[in-house]
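Enquirer: Need coordinates for the following:
(chains A and B)
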Amino acid sequence: SAVISQKPSRDICQRGTSLTIQCQVDSQVTMMFWYRQQPGQSLTLIATANQGSEATYESGFVIDKFPISRPNLTFSTLTVSNMSPEDSSIYLCSVGGESSYEQYFGPGTRLTVT
Amino acid sequence: GQNIDQPTEMTATEGAIVQINCTYQTSGFNGLFWYQQHAGEAPTFLSYNVLDGLEEKGRFSSFLSRSKGYSYLLLKELQMKDSASYLCAVSPPEDYGQNFVFGPGTRLSVLP
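Expert: The predicted structure follows:
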């Protein structure tokens, strides 16, 4: 299984600012995913981050609001731009397993926007 | 698209058996997955079903009926540590095993 770390683990940010979340994996993976989990809710996929190409965003999420970088096969960043209180959520990155039907999640970044 | 439904909350007693249902509606399907998520932690993989039938893994079993768009997760010999949210997720055909659509989750409380 993959070991995934995220930074920061939590942050409190002011409205209108931006936060970049880092995701580091201990092995090379082709695809990395970014999810959002709002309080008391399930996970919603934001985008798929592929190394060497543009991220693929799900309906309701746009690159200007959630720019993603994927500079190599072990690292990705998600930026939450021009934040509002509605962006308060847990943001999780994940990667697929070798068997292709498992998915491993990072510990998450708990973001509070005031 | 995918539409996935689960009960919001369930309560059971330590040592008992509980069944958590999941129904889904999809134009294509490549697998159904169950995840456990303790409060404040990341989801962890429990099981998956691709074909109809029952998959058993220790105290946990998962069942799938593709014709009915139905799955359940069965937890036996419940322990206090099983108190968590249980998420079912469906993998659409174009992204087998890689891009999941998650259900709303079922919050299970195990009482002594």
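Enquirer: which residues of the chain score low on pLDDT?
Expert: Let's take chain A. Along chain A, the parts satisfying pLDDT under 70 run over A:97-101.
Enquirer: Can you look at chain B instead?
Expert: For chain B, the stretches flagged by pLDDT under 70 are B:1-2, B:27, B:93-99.
Enquirer: Could you list the contact residues of it toward chain A?
Expert: B:31, B:33, B:41-45, B:48, B:50, B:87, B:91, B:96-105 (CB under 8 Å from any CB of the partner chain). Any C-beta I mention is one placed from the backbone N, CA and C, and that applies to glycine too.
Enquirer: Pull out the buried residues from these.
Expert: By neighbour count, with 16 or more other CB atoms under 10 Å in any protein chain shown, the residues of chain B next to chain A hold B:31, B:33, B:42-43, B:45, B:48, B:50, B:87, B:91, B:97-105 as buried.
Enquirer: Now, those that are in strands?
Expert: By the criterion of DSSP state E, membership of these in strands covers B:31, B:33, B:45, B:48, B:87, B:91, B:101-102.
Enquirer: Grab the nearest non-local neighbour of residue 65.
Expert: In the absence of a named chain, this looks at chain A. The shortest distance from A:Lys65 to any residue other than its chain neighbours is 5.5 Å, reached at A:Ser81 (CB to CB, 6 or more residues apart in numbering or on different chains).
Enquirer: Actually, chain B is the one I wanted.
Expert: Excluding its sequence neighbours, the residue lying closest to B:Ser65 (CB to CB, 6+ apart) is B:Asp52, at 5.7 Å.
Enquirer: burial of that neighbour, as a residue count?
Expert: Neighbour count of B:Asp52, defined by other CB atoms under 10 Å in any protein chain shown: 11.
Enquirer: Correct me if wrong: it contacts B:Lys68.
Expert: No: B:Asp52 is beyond contact range of B:Lys68, at 9.3 Å (criterion: CB atoms under 8 Å).
Enquirer: Kindly tell me how buried the residue nearest to A:Thr56 when sequence neighbours are not counted is, as a neighbour count.
Expert: Nearest residue to A:Thr56, sequence neighbours excluded (CB to CB, 6+ apart): A:Thr48, at 4.6 Å. Neighbourhood size, A:Thr48 [other CB under 10 Å]: 19.
Enquirer: Alright, that wraps it up for me.
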